[in-house]
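Student: Quick one, structure for this:
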Amino acid sequence: MKLRTVVETDYADVVALANLAYRGTGENASWNAETGILEGVRLTESLLREDLAKPGAVLLVWHDDGGVLMGTVFLQPKEDGVWYLGLLTVRPGGQNRGSGKELLAAAEAYVKSHAGARVRMTVLHVREALVGWYLRRGYRETGVREAFPYGDERFGKPLRDDLYFVVLEKAV
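Tutor: Just a heads-up that it's a prediction; the model follows:
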């Protein structure tokens, strides 16, 4: 798996893949889609640009040999060697083949190669299968919860009123 830093010509494909992977339905749905939790658009080009403007932020992309965008992962250094990981996305048709594990491992190696010591992420507490997937890859629940940003529908419309994020972390 060869990762490279996103370039502007990738933005439309990144947005399309994120919306497919997080909000796709039917036979194109991801195993961990947010169906019944959130609806609407997950990512827009303006939100992507906003994320990439954050200090030190990088979006790594993975294309197959034919040039099709297969996966993404967002990383941003925070404090004390901690890096935030988000937008870990694998094209639904390419899932269940170990690609997610490989993409996550590559992201962790990137963090380590940039003097990072820990990777931290937030996951909606109701996405139990996804939380379990990360726990099986060495992440641990920190016991910290973060509020869901109700009223800010930039990332979609919540379909539940009990949402919050759990914070997961792993030493790399």
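
Student: Could you find the residue nearest the spatial middle of this protein?
Tutor: Nearest to the mean C-alpha position of the chain, by Cα atoms, centre = their mean, lies residue 87 at 2.0 Å.

Student: Which neighbouring elements make contact with the top helix by length along the chain?
Tutor: Criterion DSSP state H: the longest helix present in the chain is helix 99-113. Counting contacts by 3 or more Cβ pairs under 8 Å, 6 or more residues apart in numbering; DSSP states H and E, helix 99-113 is packed against strand 3-5, strand 58-63, strand 69-77, strand 82-90, strand 118-124. Backbone N, C-alpha and C define where each C-beta goes, glycine included.

Student: Can you give the contact residues for stretch 48-55?
Tutor: 6, 11, 14-15, 57-59, 74, 76-77, 86-87 (Cβ atoms under 8 Å, 6 or more residues apart in numbering).

Student: Redo those as CSV? Include distance to residue 21 and pLDDT.
Tutor: Putting these into CSV (distance: Cβ to Cβ, whole Å; pLDDT from 0 to 100) gives the following:
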residue, distance to residue 21, pLDDT
6, 16, 98
11, 16, 98
14, 11, 98
15, 11, 97
57, 20, 98
58, 19, 98
59, 14, 98
74, 13, 98
76, 20, 98
77, 25, 98
86, 13, 97
87, 9, 96
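
Student: which one of those residues has the most neighbours?
Tutor: Using other Cβ atoms under 10 Å as the neighbour test, these are led by residue 74, with 23 neighbours.
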